[in-house]
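Asks: Sharing a model prediction with you, sequence too.
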Amino acid sequence: MKLRIAALSRIKSGPERLLVDDYLERGTATGRAVGLGPCLETEIDNRALKTAGEESRALAASLESGARLVLLDERGKALSSRQLAGQIERWRDEGCRETVFCIGGADGHDRSQFPKPDLMLSFGPAVFPHKLVRVMLAEQLYRAVSILAGTPYHRD
């Protein structure tokens, strides 16, 4: 099952870009043995998009038919790394071909532009910069894949 981050704007060269790329590459390499990956990223050019509705419509347009949809939202459910790994495992075992994790713009998601999400995911009540959220999500995807592969990366 592919794991994909869909996010608005581009991360140019710098520490965030290096971290996202590193975690996605690690997730891809580790996930092969357990039927996960590749771990990918889709960056949506949002320079011409003016509203949360337009941004959400652009993110929704990147979804493949049948993909599981996860919206990152501060009002979503906070999951432990093991819980996220378990959810990814269940979707994989159900035969899902792709799970897409959508990071919205500064004004969040316009839920009316998306199909019903399979999960609303939160990294807690704090507000984080979008570049940092992308790094955190890429790391959590790598961590989930590592948990499922039984590697020593994650320690409880």
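Replies: Looks like it arrived, so ask away. As the structure is a prediction and not an experimental result, all values here were calculated from the model.
Asks: Identify the residue nearest the geometric centre of the protein.
Replies: Residue closest to the mean C-alpha point of the chain, counted by CA atoms, centre = their mean, is Phe101 at 3.1 Å.
Asks: Okay, and the beta partners of it?
Replies: For Phe101, the beta-bridge partners are Ile5, Val70 (DSSP bridges).
Asks: Give me the buried stretch members for the longest helix seen in the chain, please.
Replies: Longest helix in the chain, counting residues (DSSP state H): helix 130-149. Using 16 or more other CB atoms under 10 Å as the test for burial, helix 130-149 gives 130-131, 133-149. For every residue, glycine as well, the C-beta is placed using N, CA and C.
Asks: just checking, the residue nearest to the centre of the chain touches Asp73?
Replies: No: look at Phe101 against Asp73 with CB atoms under 8 Å: they stay out of range, at 11.2 Å.
Asks: residues shared between the contacts of those two?
Replies: Leu121 (CB atoms under 8 Å, 6 or more residues apart in numbering).
Asks: Next, count neighbours for the closest residue in space to Ser112 that isn't next to it in sequence.
Replies: In space, and not counting its chain neighbours, Ser112 is closest to Gly53: 7.4 Å by CB to CB, 6 or more residues apart in numbering. A count of neighbours around Gly53, defined by other CB atoms under 10 Å, yields 14.
Asks: Alright, I will stop here.
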